[in-house]
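Undergrad: Predicted coordinates and the sequence they were generated for:
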Amino acid sequence: MVITKIERQKKNPSRFSIFVDDAYACSVGEEVYTRFLLHTGQHLTAAERKKIEQAEVESTVKKIALRFRSYRPRSSHEVRTYLHKKGYDARMIESAIQYLVDNNLLNDAEFARMFCRDRLSLKPVGKTAMEHLLFKKGIEKSLIEEVVNEFYTPERETDMAMKEAERKFKRFASLPPLSKKKKIYEHLLRRGYNSSVSSTIANQLVKT
């Protein structure tokens, strides 16, 4: 097999159409074109042609991963899931993820810290809820524990729970004390505060 012609595509000048034995074979981007030093008259074995085609797919997967990441910070799990839904195989997906990691575009620890920081700033939740949210993002359990402990101390969580309870307190003002206490307690549980914190706050706000 011989490369008989290479044409830069008019609609996308960063891509090249490759012709082998006078027939269109494939198109490649500049990365693969340069990497394999493709040129007219170049002889290719079947194995070399397959390698070029695979490299082009890998390059495409990396670009798709990069574009997906560019919209907002992502966890590795989010990128992996997105590429899997696109139909790419595990090896190419992991190659793309490693590319993002190597270029400091993917860092699960920093993602988890950013997520905690933003969520606590916009809509605070208890420690349990935060752990669950990070788990849904695909963050590993050991990393979740490490990061969450940076943002939550018993004192801070109690303070957050009190502010949340005070915010809801007026809605329950007309209820009998026991019902009011129950409502506050259950609301705090739903917001991810543990039973001990929820009970303490409910008892402090409602005297029976």
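TA: Looks like it came in fine.

Undergrad: The longest helix seen in the chain - contacts with which helices or strands?
TA: Secondary structure of the chain per DSSP state H: the longest helix is helix 46-71. Helices and strands touching helix 46-71, by 3 or more Cβ pairs under 8 Å, 6 or more residues apart in numbering; DSSP states H and E, are strand 23-29, helix 30-35, helix 76-85, helix 90-102. For glycine as for every other residue, the C-beta is placed from the backbone atoms N, C-alpha and C.

Undergrad: Mind doing that once more with 6 Å?
TA: strand 23-29, helix 30-35, helix 90-102 (3 or more Cβ pairs under 6 Å, 6 or more residues apart in numbering; DSSP states H and E).

Undergrad: and of these, who's closest to Phe172?
TA: Closest approach to Phe172 among these (Cβ to Cβ): helix 90-102, 47.6 Å.

Undergrad: got a list of contacts for stretch 125-135?
TA: 112, 144, 148, 152, 157, 191-193 (Cβ atoms under 6 Å, 6 or more residues apart in numbering).

Undergrad: for stretch 140-154, same thing?
TA: By Cβ under 6 Å, 6+ apart, stretch 140-154 touches 112-113, 116, 127, 130-131, 134.

Undergrad: which two in those are spaced the farthest apart?
TA: Top of the distance list for the contacts of stretch 140-154 (Cβ to Cβ): Arg113 and Lys127, 14.9 Å.

Undergrad: Comparing these two, which residue is more hemmed in?
TA: Lys127 (20 against 17; other Cβ atoms under 10 Å).

Undergrad: In contact with Leu83, which residues are there?
TA: Leu83 neighbours (Cβ under 6 Å, 6+ apart): Ile93.

Undergrad: can we see that at 8 Å?
TA: Neighbouring residues of Leu83 by Cβ atoms under 8 Å, 6 or more residues apart in numbering: 61, 64-65, 68, 92-93, 96.
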